[in-house]
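Trainee: this is a predicted model, with the sequence first.
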Amino acid sequence: MCDNHHSGEGECRCKVDRVPNFAQPRLLLELAKKPAHGYELIERLSQEGAAGPDPGNFYRTLRSLEEEGLVCSTWDTQNTGPARRVYELTDQGQEFLQAWAVTIRHTNQLLDRFLSEYETLFPK
């Protein structure tokens with residue numbers, strides 16, 4: 001990204017790719033649209049233009065969300081091929097997603113204020 005702020009390991013400290021912990025609300029929002037199996041969710045999340053989720057972390061996140069009662073899963077044995085787990089948003093997951101939306105709106109307001117101040121100091 002720049003040549004001035006290297007950590008000594010070759011990667012710039014300025015590089016920011018993602019909003020931390022945004023995987024959970026994105027995943028819950030996809031499940032709010034419709035239930036899906038893990039691979040389908042990975043495909044849908046990968047289509048957003050950013051790098052797709054790491055499958056290992058993704059499935060750990062799904063299991064964690066299920067343990068917390070935010071999603072539930074059932075085995076789909078109706079289709080050809082191996083059985084697959086289909087995940088669905090629970091009522092508790094919907095409430096959690098709504099809480100995320102409130103937090104994201106607030107964060108968006110803070111970011112807008114930050115960018116406005118930044119652009120005042122550093123016009124394009």
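Mentor: Cool, got the structure. Residues are numbered from 1 along each chain as shown.
Trainee: point to the residue nearest the middle of this protein.
Mentor: The centre of the chain sits closest to residue 23, judged by C-alpha atoms, centre = their mean, with a distance of 2.0 Å.
Trainee: which residue is the nearest non-sequential neighbour of that one?
Mentor: residue 61 (5.9 Å; C-beta to C-beta, 6 or more residues apart in numbering). Yep, even glycine has a C-beta here, placed from its N, CA and C like the rest.
Trainee: OK, contacts around residue 43?
Mentor: Shown in contact with residue 43 (C-beta atoms under 8 Å, 6 or more residues apart in numbering): residue 52.
Trainee: and it, helix, strand or coil?
Mentor: helix (DSSP: H, G, I helix; E, B strand; the rest coil).
Trainee: in the protein, which ranges drop under the pLDDT threshold?
Mentor: Where the chain drops to pLDDT under 70, the residues are 1-21, 49-51.
Trainee: switch the cut-off to 90
Mentor: The chain contains residues with pLDDT under 90 at 1-24, 45-57, 77-81, 124.
Trainee: which helix runs longest in the chain?
Mentor: helix 91-121 (DSSP state H).
Trainee: and the residue nearest to residue 23, how many neighbours?
Mentor: Neighbour count for residue 61, taken as other C-beta atoms under 10 Å: 16.
Trainee: in the host helix or strand of it, what counts as buried?
Mentor: Here residue 61 sits within helix 55-67, counting by DSSP states H and E. Using 16 or more other C-beta atoms under 10 Å as the test for burial, helix 55-67 gives 58, 61-62, 65-66.
Trainee: over to stretch 90-104?
Mentor: Applying 16+ other C-beta under 10 Å to stretch 90-104 flags 90, 93, 96-97, 100 as buried.
Trainee: now do that stretch: distance to the chain's middle.
Mentor: Chain-centre distance of stretch 90-104: 13 Å, with C-alpha atoms, centre = their mean, to the nearest Å.
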